[in-house]
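Q: Based on what follows, work out the 3D shape:
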Amino acid sequence: MIRRLAILLAALALVACSNKGNTRVAAAALETKAQQRSMTLAYEHSVSVEAEDDQVQDLFSSALASCKEAAAAKCEVLDSRIDTGKFSSASLKIRAAPEGIQSVLTKLDQHGQVTSRTTTAEDLATPIEDGAKKLTMLNDYRSRLEELRARAGANVDALMKVNQELARVQTEIEAAAGEQARLAKRVRTEVLNISIATRQARGFLRPIRESVAEFGDNLAQGIASAVSGVAFLLPWTLVLTPVLLLLRKFFWRRRGANA
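A: Reported below is the predicted structural model:
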């Protein structure tokens, strides 16, 4: 009886060890899969920054300079716009390695107030895998065509057809390789969209100062509008005045006749 109990306990211990081993293997597989997935994510960040009116230009220039300084991080400017009108604003779109993106964000935090930040990620695992399979198939097909060309010998018609097909396949290979390079670049680098605007809080006296500063321009604009109105009304006045006088004379005569 004791011997059977010992055998049963040993069997249970083996089953438990086996289950633990399977759990470790499953956990390791999940971790490996997660790491592989993270290597195919394309990140894009968006930040909104507020600054004083007279600091928007400096902040914009500082962000551009920070991107140029991050040459080792492959930083490149994709789009840049700035408006220095009544209410200054600017926008900037850059692509760089993660460390380059971080250096630009640090510069923005130092010279402006980051009011919002969002991050999105697109998983490119499927298009990358599909592109790799397509390239493999095209390269294999090209190898077979080269073998056929070697066998064609002096058959001119066969050589022409094979060469035409080879040219077409080579074009597809170059296009597929270019797409794979573009996807790989999206994974290696990140995109940062920067929006810079003036602060919402302008103070109690700020609108009054702006109105006083623009008084001369507004007065000139009002006088110009008045002169333009007179210019438009003058021809109608010259036409309508005789008509009104004739109507007045007609009504006076009719009134006198009725009296």
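Q: which residues of the protein fall in strands?
A: Applying DSSP state E to the chain gives strands spanning 41-51, 76-83, 89-96, 113-123, 190-198.
Q: Need those strands in a markdown table (columns: mean neighbour count).
A: Heads up, the C-betas are built off the backbone N, CA and C, glycines and all. Converted to a markdown table, the strands of the chain look like this (neighbours: other Cβ atoms under 10 Å):
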| stretch | mean neighbour count |
| --- | --- |
| strand 41-51 | 18 |
| strand 76-83 | 13 |
| strand 89-96 | 21 |
| strand 113-123 | 12 |
| strand 190-198 | 20 |
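Q: now those strands in JSON lines, with mean pLDDT and distance to residue 253?
A: Output for these, formatted as JSON lines (pLDDT from 0 to 100; distance: least, Cβ to Cβ, whole Å):
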{"stretch": "strand 41-51", "mean pLDDT": "93", "distance to residue 253": "75"}
{"stretch": "strand 76-83", "mean pLDDT": "92", "distance to residue 253": "67"}
{"stretch": "strand 89-96", "mean pLDDT": "93", "distance to residue 253": "69"}
{"stretch": "strand 113-123", "mean pLDDT": "92", "distance to residue 253": "77"}
{"stretch": "strand 190-198", "mean pLDDT": "93", "distance to residue 253": "69"}
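Q: Looking at the ones you listed, which is nearest to residue 66?
A: Among the strands of the chain, the nearest to residue 66 by Cβ to Cβ is strand 89-96 (9.2 Å).
Q: That closest one versus strand 190-198: what angle between them?
A: Strand 89-96 runs at 170 degrees relative to strand 190-198, counting by axes from the mean of the first three to the mean of the last three Cα atoms, to 10 degrees.
Q: can I have strand 89-96 written out in CSV, keeping just the CAs?
A: Provided in CSV are the C-alpha atoms of strand 89-96 (Å, rounded to 0.1, in the frame of the first residue of the first chain):
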residue,chain,number,x,y,z
SER,A,89,1.2,80.0,-35.1
ALA,A,90,3.5,77.3,-36.6
SER,A,91,3.5,73.6,-37.5
LEU,A,92,6.3,71.2,-38.1
LYS,A,93,6.4,67.5,-39.2
ILE,A,94,9.6,65.6,-38.8
ARG,A,95,10.8,62.0,-39.1
ALA,A,96,13.7,60.6,-37.1
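Q: That one vs strand 41-51, what angle?
A: 150 degrees.
Q: hmm, back to that, with distance to residue 152 added, can I get the strands of the chain in JSON lines?
A: Written out in JSON lines, the entries for those read as follows (distance: least, Cβ to Cβ, whole Å):
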{"stretch": "strand 41-51", "distance to residue 152": "45"}
{"stretch": "strand 76-83", "distance to residue 152": "47"}
{"stretch": "strand 89-96", "distance to residue 152": "47"}
{"stretch": "strand 113-123", "distance to residue 152": "45"}
{"stretch": "strand 190-198", "distance to residue 152": "49"}
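Q: Can you say which of the ones you listed is nearest to residue 180?
A: For the strands of the chain, the distance to residue 180 is smallest for strand 41-51, at 13.7 Å, taking Cβ to Cβ.
Q: Which secondary structure elements does the closest one sit against?
A: Secondary-structure packing of strand 41-51 (3 or more Cβ pairs under 8 Å, 6 or more residues apart in numbering; DSSP states H and E): helix 98-111, strand 113-123, helix 156-188, strand 190-198.
Q: Just give me the residue right at the centre of the chain.
A: Closest residue to the average C-alpha location of the chain: residue 193 at 6.1 Å, with Cα atoms, centre = their mean.
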